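Engineer: here you go, sequence then predicted model.
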Amino acid sequence: MIEMDFEEFSLFIVAGCVLMMGLLLLVHSLRARSYRHKRFNQVVQCPVCGEVFDDRSAEKMPECKGCGRKTIRGYDKSLG
């Protein structure tokens, strides 16, 4: 059996709780970052009519719901 006094035991419990909270915070921040990235690609704004719409398809260039023009997801990096 492992011999341990109360101070070591309480330190072990507190350190375990702190490590668990740190792990939960890390998992939460990774999931939130993934959600923000996914939502950034789903919300599209048409450069012609300015309509903002939600497109959950996998198309790279979805059509605008208002004017029918093909739009680009996210920031347009074609001009540099």
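Structural biologist: Perfect, I can see it now.
Engineer: what about the nearest residue in space to residue 69 that is not next to it in sequence, neighbour count?
Structural biologist: Spatial nearest neighbour of residue 69, excluding adjacent residues (Cβ to Cβ, 6 or more residues apart in numbering): residue 48 at 5.2 Å. Backbone N, C-alpha and C define where each C-beta goes, glycine included. By other Cβ atoms under 10 Å, 11 other residues sit near residue 48.
Engineer: go on, residue 52?
Structural biologist: Look at residue 52: counted by other Cβ under 10 Å, it has 10 neighbours.
Engineer: what's the distance between the nearest residue to it once chain neighbours are set aside and residue 69?
Structural biologist: Ranked by Cβ to Cβ, 6+ apart and with sequence neighbours excluded, the top spatial neighbour of residue 52 is residue 45, at 4.7 Å. As judged by Cβ to Cβ, to the nearest Å, residue 45 and residue 69 stand 12 Å apart.
Engineer: now do residue 57
Structural biologist: Counting by Cβ to Cβ, the gap from residue 57 to residue 69 is 16 Å.
Engineer: one more: residue 19?
Structural biologist: Taking Cβ to Cβ, one finds residue 19 at 52 Å from residue 69.
Engineer: those two: which is more packed in?
Structural biologist: Comparing residue 19 with residue 69 by neighbour count (other Cβ under 10 Å), the higher total belongs to residue 69, at 13 against 10.
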